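[1] Quick one, what's the 3D model for this:
(one chain, ligands or ions: 1)
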Amino acid sequence: MVAMLDIQSVTKKYGKRQVLGPVSAKLDKGRYYALLGPNGAGKTTLLHILMGLTNCSSGMVTVRGTSIDNLETRRDLGFSPDDVPFPESLTGWEFLELHNRLRQRDDSERCLKLSELFQIKHALDQQIFEFSHGMRRKLQFVAAVSHEPALLALDEPFRGLDPRSSLVLRTFLQRYVDGGKTVLVATHDMLRAERDADEVFLLHNGLIRSQGTAEEVRSQAQNALSLEAAFDALTTDKKSAEIDNELILDLTATTTRR
Ligand SMILES: Nc1ncnc2c1ncn2[C@@H]1O[C@H](COP(=O)(O)OP(=O)(O)OP(=O)(O)O)[C@@H](O)[C@H]1O
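    Predicted coordinates for the structure are as follows:
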């Protein structure tokens, strides 16, 4: 069976510095994947390469057997980035329409239904600079999913969402995957990853340090009790943990003495 996403020996260099890879992995349809890793591990860089937004330095990425260099292939991808500036002067609706036009599709009806689901429909005529952080996240998500992409990649999609919206998004993603699509979520939220993802990739210093179900990753970390503990064991060496503890004691001792 052809993989939904096939990442073949992908590397990324900025100048002489290699920040990613080689990374190889296959993602199947109908699965929810979590991409985990410490700050600077290369998660966003990898997502940008997978979505065709950044070129890799070497290697190849295919979606259902076709290179992501192909425009048609890229139209079957959806991406909700983290912290990318918005065109503030556009209204919410103009932002969604822009995505429709770039994809040469008319998904207006679906945009409206999604906006209703995420409770931003009432604000679509407002300019984006008036949107709150959570509203922006939701708008970004609606734009990413309105064309029903086969592969949906999301960078920290739950950050800043209120509990109800988080629940709606979580349910939506589960159903989306049940419908045969593939979801890849980069996150620092270990509890959510452990609960929701079928499989996780743990990236460390630009390389996949561990991958599999949360249970498999835990077993690779001497049967750690949680994914969070496994993450810590696989990405932090004992020496730096000791130095951290000493520094915390040192830095807080003066505070408590006052
Ligand atoms: N445009 C750039 N130029 C040079 N180096 C970059 C650039 N973008 C990212 N990097 C470097 O690439 C590495 C990976 O960064 P990346 O943003 O992919 O990490 P991340 O895992 O998403 O981190 P975080 O969890 O903090 O968001 C880091 O060392 C970063 O400094």
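
[2] for the chain, what spans make up the helices?
    43-50, 71-74, 92-102, 108-117, 133-145, 163-178, 190-196, 214-220, 227-235, 238-257 (DSSP state H).

[3] residue contacts, the nearest residue to Ser108 once chain neighbours are set aside?
    Spatially, and ignoring its direct neighbours in sequence, Ser108 is nearest to Asn100 (6.6 Å; C-beta to C-beta, 6 or more residues apart in numbering). Just so you know, the C-beta spots here come from the backbone N, C-alpha and C atoms, and that holds for glycine as well. Asn100 makes contact with 106-108, 111, 146-147 under the criterion C-beta atoms under 8 Å, 6 or more residues apart in numbering.

[4] please redo it, this time with the cut-off set to 10 Å
    If a contact means C-beta atoms under 10 Å, 6 or more residues apart in numbering, then Asn100 has 106-108, 110-111, 143, 146-147 as its contacts.

[5] for Arg31, same thing?
    With C-beta under 10 Å, 6+ apart, Arg31 has these contacts: 4, 177, 180-184, 197-199.

[6] want to throw the residues you listed into CSV with pLDDT, neighbour count and distance to the ligand?
    Below are the contacts of Arg31 laid out as CSV (pLDDT from 0 to 100; neighbours: other C-beta atoms under 10 Å; distance: C-beta to the nearest ligand atom, whole Å):
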residue, pLDDT, neighbour count, distance to the ligand
Met4, 94, 22, 22
Val177, 98, 20, 23
Gly180, 96, 11, 28
Lys181, 97, 21, 23
Thr182, 97, 22, 20
Val183, 98, 26, 18
Leu184, 98, 25, 13
Ala197, 98, 23, 17
Asp198, 98, 15, 21
Glu199, 98, 19, 18
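
[7] Filter those residues down to the ones in strands?
    Those of these mapping onto strands are 182-184, 199, per DSSP state E.

[8] what would these look like in TSV with distance to Thr44?
    Listed next are the ones in strands among the contacts of Arg31 as TSV, based on distance: C-beta to C-beta, whole Å:
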residue	distance to Thr44
Thr182	19
Val183	17
Leu184	12
Glu199	20
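
[9] Report the separation between the residue nearest to His204 when sequence neighbours are not counted and the ligand.
    Nearest residue to His204 in three dimensions, chain neighbours excluded: Thr235, at 4.8 Å (C-beta to C-beta, 6+ apart). Counting by C-beta to the nearest ligand atom, to the nearest Å, the gap from Thr235 to the ligand is 11 Å.

[10] before we move on, back to that, which one of the contacts of Arg31 sits closest to Asn39?
    Leu184 (18.9 Å; C-beta to C-beta).

[11] May I ask you to confirm that the closest one is in contact with Leu36?
    No. At 11.4 Å, Leu184 does not count as touching Leu36 under the criterion of C-beta atoms under 10 Å.

[12] So for the two, which residues contact both of them?
    With C-beta under 10 Å, 6+ apart, Leu184 and Leu36 have common neighbours 197, 201.

[13] related to what we said a few turns ago, could I get the helices of the chain as CSV with distance to Ala153?
    Shown next, in CSV, are the helices of the chain (distance: least, C-beta to C-beta, whole Å):
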stretch, distance to Ala153
helix 43-50, 5
helix 71-74, 12
helix 92-102, 15
helix 108-117, 17
helix 133-145, 8
helix 163-178, 12
helix 190-196, 15
helix 214-220, 20
helix 227-235, 20
helix 238-257, 31
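
[14] lowest-confidence stretch among those?
    The weakest mean pLDDT among the helices of the chain belongs to helix 238-257, with a mean of 80.

[15] what's next to that helix, contact-wise?
    Counting by C-beta under 10 Å, 6+ apart, 232-233, 236-237 sit against helix 238-257.

[16] Can you tell me the closest non-neighbouring residue to Val145?
    Per C-beta to C-beta, 6+ apart, closest to Val145 is Gly78, 5.3 Å.

[17] What about that neighbour, how many residues nearby?
    24 (other C-beta atoms under 10 Å).
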